[in-house]
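Engineer: no sequence for this one, just the structure:
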DNA sequence: GCGCTATATATCGGAAGGCGAGATATCATG
DNA sequence: CATGATATCTCGCCTTCCGATATATAGCGC
C-alpha cells in the first residue's frame, strides 16, 4: 500500500528461498512451516508472485530436476532479492516494534482524552529493537 | 494472503490508533511519521480500511469535533482491535526474524548447490527471539 | 483395478484491496 | 484571488489474492 513495499506473499516467498533454492511446492510447505502454520500461501497465489518476483529480478530460475517422475522447478534469490528482503524485514520489525510500543502507551492512559504534548516524536524512527 | 492475516494498511491504521484516538487525516500523517516516511497510507486507501475495521469491530467511532470550522471524525481501537494488533505485531516480528536468520544462513553457503541433509527442520518454529 | 492422498506443475475468473483523481469546504499565507 | 494545508468522502481502474480446476506420477489400502 505504499511506495517501496512488497506484498506479504512476496515477502514469505523470498524468506523461504533465502537460505537455499526451492521449488514451488516446496516453497508452499516451507512458508507454512517457518511461520508455524500462521501463514498459508495458496497455490493460486504462488505462481503470480513467482512471475512478478522474477520480472522484478528479485528471484531467478535455478534449475530443474526430476524426482520420481515429477518435475521440480527450482528458484533462487538474487542479490537484489536478498537486499529487498533484508530491507523489508527491517521495515516489518520496525512496524512490529512501533505497534507494541504504542499498545503499551495506550494502556498507560486508557480513559485519558488526549493528553497534550504527548507527541514529542517519542522514539522517532522506530527501527525496532530486536535482533 | 492467509487465514488470520490483516492487510498492511489495516495494521498501520491500528498502530496509529493504538495510543490514542485520531481522525482520518491525522492517521495519514501519523502513519507516515511513525514509519519514518517508509509507509505512505493513501487517502483512497484509508476510508476503505476504516470501514472494514469498523465492520470487523477492531475500531469504533470515538467522537466528532470541529476545529477552525473543519470537522474531525475520531476513531479509537477496541479491545478486539488491540488484541488483533498485538497478534499481528508478533507475527510480523517473527516473520522479520525468520527472514533475517535465513539470510544469514544462506550466506554461510552461497555457492553450495543444495547441501544434503540440510533440511532437518533447522530452527523449526522461528517464533523470533525478540522481546 | 479403484479410489484416495501426497507430490508437482499451471491457469482461470471472481472478489478483495490499493490508490490516483476528483469533489467539496474552511482557513491561512502570499 | 490563487495556492496550499487541513479535512471529509466517492469513483473507477488496476493489481493482487485465492478457490476451483486441470493434468500427471507414485504409493497405500481395499
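Structural biologist: Everything's here; your move. It should be emphasised that the depicted structure is a prediction, and the values quoted were computed from it without experimental measurement.
Engineer: Can you report how many residues lie near residue A:21?
Structural biologist: Residue A:21 sits with 20 neighbouring residues when counted by other CB atoms under 10 Å in any protein chain shown. Heads up, the C-betas are built off the backbone N, CA and C, glycines and all.
Engineer: check contacts around it.
Structural biologist: A:62-63, A:74-76, B:114 (CB atoms under 8 Å, 6 or more residues apart in numbering or on different chains).
Engineer: ok, of those residues, which come out buried?
Structural biologist: A:62, A:74-76 (16 or more other CB atoms under 10 Å in any protein chain shown).
Engineer: and stretch A:52-67, anywhere near DNA strand D?
Structural biologist: Yes. Against DNA strand D, stretch A:52-67 shows contacts by CB under 7 Å from any atom of the strand at residue A:52.
Engineer: what helix or strand is the closest residue to residue A:99 other than its chain neighbours on?
Structural biologist: Excluding the flanking residues, the one nearest residue A:99 by CB to CB, 6 or more residues apart in numbering or on different chains is residue B:89, at 4.0 Å. Using DSSP states H and E, residue B:89 maps to helix B:79-108.
Engineer: quick one: that helix to chain centroid distance?
Structural biologist: 10 Å (CA atoms, centre = their mean, to the nearest Å).
Engineer: Quickly check: the helix or strand containing residue A:9 near DNA strand D or not.
Structural biologist: Using DSSP H and E, residue A:9 sits within helix A:8-17. Yes. Using CB under 7 Å from any atom of the strand, we find that helix A:8-17 touches DNA strand D at A:8-10.
Engineer: ok so, going back, residue A:32: which of the buried ones among the contacts of residue A:21 is nearest?
Structural biologist: Here the nearest of those to residue A:32, counting by CB to CB, is residue A:75; it sits at 17.3 Å.
Engineer: Helix or strand for the closest one, just tell me which one.
Structural biologist: strand A:70-77.
Engineer: From the contact counts, what lies against that strand?
Structural biologist: If contacts are counted by 3 or more CB pairs under 8 Å, 6 or more residues apart in numbering or on different chains; DSSP states H and E, strand A:70-77 sits against helix A:8-17, strand A:22-23, helix A:24-34, strand A:59-67.
Engineer: and the angle from it to helix B:79-108?
Structural biologist: Angle of strand A:70-77 versus helix B:79-108, following axes from the mean of the first three to the mean of the last three CA atoms, to 10 degrees, is 90 degrees.
Engineer: For DNA strand D, what's its nearest residue on chain A.
Structural biologist: residue A:44 (2.1 Å; CB to the nearest atom of the strand).
Engineer: Now the helix or strand where that residue lies: buried residues?
Structural biologist: Per DSSP H and E, residue A:44 falls inside helix A:43-55. Buried residues in helix A:43-55, counted by 16+ other CB under 10 Å: A:45-46, A:49-50, A:52-53.
Engineer: near DNA strand C, from these?
Structural biologist: Within the buried residues of helix A:43-55, those near DNA strand C by CB under 7 Å from any atom of the strand are residue A:50.
Engineer: Name the nearest of the buried residues of helix A:43-55 relative to residue B:28.
Structural biologist: residue A:52 (27.6 Å).
Engineer: need the contact list for that closest one.
Structural biologist: Contacts for residue A:52 (CB under 8 Å, 6+ apart) come out as residue A:10.
Engineer: What's the separation between residue A:45 and residue A:37?
Structural biologist: 17 Å (CB to CB, to the nearest Å).
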